[in-house]
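> Okay, sequence plus prediction incoming.
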There are 2 protein chains.
Amino acid sequence: MTNSVDEKLAGKRERLVAAAARVFHERGVEKTTLADIARAADVPVGNVYYYFKTKDQLVQAAIGAHERVLRDTIAGLERHEAPADRLKTLVRGWVDQREVAAQFGCPSGTLAAELDKRADGLDREMARVMRGLIDWAQAQFGAMGRPDAAELAVALIAAYQGISLLTNTFRDPEMMAAEGRRLERWIDSLAA
Amino acid sequence: MTNSVDEKLAGKRERLVAAAARVFHERGVEKTTLADIARAADVPVGNVYYYFKTKDQLVQAAIGAHERVLRDTIAGLERHEAPADRLKTLVRGWVDQREVAAQFGCPSGTLAAELDKRADGLDREMARVMRGLIDWAQAQFGAMGRPDAAELAVALIAAYQGISLLTNTFRDPEMMAAEGRRLERWIDSLAA
DNA sequence: GTCTATATTTAGATAGAC
DNA sequence: GTCTATCTAAATATAGAC
């Protein structure tokens, strides 16, 4: 759910993808020009078209970057044995990123919201990525013995998406921290 | 939190404001052209500039429309005596709008998210409007005797914003309905 | 593979007739 | 107050030299 990809190393294609994901998050897809991405990736403007024929293809590549970050995040969480610990560690990761959320919102959520307004079918791609996280959370709640795991998983991710939006709207990272503490208590109460 | 304003009656200025609020919600601020708004309001393109000198001014007017809708919503809720009833009626209103949320997201939330990416200061205006709803919810939780009213109010509005985003991402109004039921149970559990 | 120069398109904004 | 025609700026995309 975060956005840290190396932009200085690797080939131009990789730099362009990493820069696109970052700049789309910071400035929004619509307001981002290909010149912005080229500058951020330290690649000449015209050269972008050698790697990506359209802006849509760059958006698609950025979605792929989000998917990889999410997969790595989940892999890291599974080093914990107890599902409640996994979920609470996920929440703590969100809180750790609260300054970014206050500045730009959740990388995945803001992208999903923007893609919904576009004619291309990329919003379906983004929905699939978010579905992955919800399914994983559902599996954890299920392992905790909750028959309402599906509903709880949606509620958890919704809580994160919502507090990301408010944290961003009010530019107040402490909102995310307070909600994180509340969510951790909530997860504990479900385990009991 | 909804968007129903009469666009066929009243003067051109009012029609333009109502059309702007609606089209900004449906297509997003960035993707909406002044020609889109003019067409929706049944006003010639060039004539828009007689009423609003810039697109920013139309956005500002749309924020004002959201503020009025929110104020009316709150006034309606206060016909209930018990604060828990007020909050649950608010939740039911969100669920009633679930089809709109599935298509376009929460009118206020999507606007707040988009304005954050713009250079103008209009995101601060939108934050003030959303703050109004949070403060009102906080007053209700406070009247229920909750010392953690501030935190609960943020959690409630965040839950709504988050489930709006997911309902929109997955184009699934039932997600909003399920979360609404959960939130009503949650409010009841806090009153006890 | 890389880059410059430029074509094409579109949207915000304005001038001025009515 | 209303509307048409048009200007200007900016962004996507392409052609073609190197």
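Yep, that arrived.
> use CA for all of it now, contacts and neighbours both
Will do.
> how near is A:Ala117 to B:Leu34?
Check again: residue A:117 is Lys, not Ala. Using Cα to Cα, to the nearest Å, A:Lys117 is found at 17 Å from B:Leu34.
> what about those two, which has more around it?
Legend: neighbour count by other Cα atoms under 10 Å in any protein chain shown for A:Lys117 and B:Leu34, higher for A:Lys117 (20 against 17).
> OK, contacts around the more buried one?
For A:Lys117, the contacting residues are B:Glu26, B:Arg27, B:Gly28, B:Lys31, B:Phe104, by Cα atoms under 8 Å, 6 or more residues apart in numbering or on different chains.
> Taking these, please make a ChimeraX selection of just the buried ones.
Buried residues within the contacts of A:Lys117, by 16 or more other Cα atoms under 10 Å in any protein chain shown, are selected in ChimeraX with:
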select /B:26,27,28,104
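> From the rest of the structure, what touches stretch A:160-171?
Here stretch A:160-171 has contacts from A:94, A:98, A:101-106, A:109, A:173-176, A:179, B:109, B:112-113, B:116, B:123-124, B:127, B:154-155, B:157-163, B:165, using Cα under 8 Å, 6+ apart.
> From these, keep the buried residues only.
The buried subset of the contacts of stretch A:160-171 - by 16+ other Cα under 10 Å - is A:94, A:98, A:101-106, A:109, A:173, A:175-176, A:179, B:109, B:112-113, B:116, B:123-124, B:127, B:154-155, B:157-163, B:165.
> Tell me the secondary structure of A:Gly145, please.
Assigned by DSSP: H, G, I helix; E, B strand; the rest coil, the conformation of A:Gly145 is coil.
> That one and DNA strand C, how far apart?
52 Å (Cα to the nearest atom of the strand, to the nearest Å).
> Would you mind pulling the contact partners of stretch A:28-40?
With Cα under 8 Å, 6+ apart, stretch A:28-40 has contacts from A:16, A:19-20, A:23-24, A:44-45, A:48, A:55, A:59, A:110-111, A:114, B:30-31, B:114, B:117.
> and those, which are buried?
The neighbour-count test (16+ other Cα under 10 Å) marks A:16, A:19-20, A:23-24, A:48, A:55, A:59, A:110-111, A:114, B:30, B:114, B:117 as buried among the contacts of stretch A:28-40.
> Sitting in helices, which of the contacts of stretch A:160-171 do you find?
Mapping the contacts of stretch A:160-171 onto helices (DSSP state H) picks out A:94, A:98, A:101-104, A:109, A:173-176, A:179, B:109, B:112-113, B:123-124, B:127, B:154-155, B:157-163, B:165.
> Need the max-distance pair from the contacts of A:Lys117.
B:Lys31 and B:Phe104 (13.5 Å; Cα to Cα).
> and DNA strand C, which of the ones in helices among the contacts of stretch A:160-171 reach it?
When contact is defined as Cα under 7 Å from any atom of the strand, those do not meet DNA strand C at all.
> isn't A:Met126 right up against A:Ile63?
Yes: the pair A:Met126 / A:Ile63 is scored as a contact, 6.5 Å apart, by Cα atoms under 8 Å.
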